[in-house]
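> Take this sequence and fold it.
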Amino acid sequence: MADSLDIVQLRTFVAIADCGGFGRAASALHLSQPTVSQHVRLLERKLGQTLVEKAGRQAAFTAAGDRLLVQARRILTVHDDALLSLDVSHERTIVIGSTETAADQILPQLLETMRDAFPDRKVQFLIDRSTQMEDAVARGAIDLAIVLGLSPDAPGSPVGTLPLDWYSAPGWSPPTDSGDPAESVEWPLVAYVAPCGMRQRALEVLTAHGRTVTVVAESTSLEGVIAATRAGLGVAAMPNAGHPPDGLTVRRDLPSLGLMTLRLATRRGLDVEIEQVALVALEEFFATHTVAPPPLVSIHPSSF
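All right, here's what the predicted structure looks like:
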């Protein structure tokens, strides 16, 4: 038997019942559907029982799932009443998370706007990868976060788009085929450690154009990706917010990676005024920092 149950996972479990399925629960909680599924799997592992079973295209609670649902509602009611009585929702610090790739360009303007709107409150920032930010928002560890949305089921409200571009050191040259079909040329890629949406997009695009891809360097930080790319180890896929990182150049001779969406994910119960101020600030940023996507170029797999 589990010694403790996670409040966030229980809230997800109840939302599945209240919303009528995993997809609707994900939308209501501002989570991705895989995250909702993971919460259920973690509960099942902790309790050692199957809680939800597939019934055709639908999901149905098992007898154990029905019993947990009753207890989960009781637990959440007591938990939320305790928070309300302790006035936790009125903490003075506003905690904002941001993916590294958006922080340099967006956070200064967002910080100024939040300080002007809430002069009596502190604003604290936490910079990390999108996957970690999404989890922190779901757990209520941070109030809101700017995350990359490369998949249709990404959580949060869309606030703007940026081109996803290829970057390399100025003197770097792509590998060339030897002409022998039996010899496969390996394409060197610099990327974030998986899981990473930008890494996945780069792999998919290069593979679709007939390249054999090798991740020659990977890092958990943006600084590491930039450093390895600047050293000429390979190409990297990163968002273009108006100017390339120092020591790198945008490659327009490679196949288009398309656009990526920046989204604002907010924790459950966040003051609506805080969310609205952040949304307006981000929308104003993108209105004045529009970056045109690269021209669409038809590139044959053998031409790069």
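> Go through stretch 96-108 and flag the buried ones.
By neighbour count on 16 or more other Cβ atoms under 10 Å, the buried set for stretch 96-108 is 96-103, 105-107. The way it works is simple: take the backbone N, C-alpha and C, and place the C-beta from them, glycine included.
> Of those, which belong to helices?
Residues of the buried residues of stretch 96-108 located in helices (DSSP state H): 100-103, 105-107.
> Nearest to Ala17 among the residues you listed?
Ala102 (35.1 Å; Cβ to Cβ).
> Next up, the contacts around the closest one.
If a contact means Cβ atoms under 8 Å, 6 or more residues apart in numbering, then Ala102 has 146, 148, 239, 241, 262 as its contacts.
> And the last one, how far from Asp3?
Right, Leu262. Distance of Leu262 to Asp3, computed by Cβ to Cβ, to the nearest Å: 39 Å.
> Please say which of those two ends up with more neighbours.
Between Leu262 and Asp3, counting by other Cβ atoms under 10 Å, Leu262 is the more crowded of the two (25 against 5).
> remind me which residues of the protein are low pLDDT?
Scanning the chain for pLDDT under 70 picks out 1-2, 56-57, 84-92, 104, 150-154, 177-184, 241-242, 289-304.
> Buried residues of stretch 45-64, list them for me.
For stretch 45-64, by 16+ other Cβ under 10 Å, it's 47, 51-52, 59, 61.
> Identify the farthest-apart pair in those.
Leu47 and Ala59 (17.0 Å).
> about what we covered before: now the ones in helices among the buried residues of stretch 96-108 in JSON lines, with distance to Val250?
Converted to JSON lines, those look like this (distance: Cβ to Cβ, whole Å):
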{"residue": "Glu100", "distance to Val250": "18"}
{"residue": "Thr101", "distance to Val250": "15"}
{"residue": "Ala102", "distance to Val250": "18"}
{"residue": "Ala103", "distance to Val250": "20"}
{"residue": "Gln105", "distance to Val250": "15"}
{"residue": "Ile106", "distance to Val250": "19"}
{"residue": "Leu107", "distance to Val250": "22"}
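> for the strand of greatest length in the chain, the distance to its chain's centre please.
Of all the elements of type strand in the chain, the one with the most residues (DSSP state E) is strand 157-168. Distance of strand 157-168 from the chain centroid (Cα atoms, centre = their mean, to the nearest Å) equals 13 Å.
> going on from that strand, what's the next piece of helix or strand?
Along the chain past strand 157-168, the next helix or strand (assigned with DSSP states H and E) turns out to be strand 186-192.
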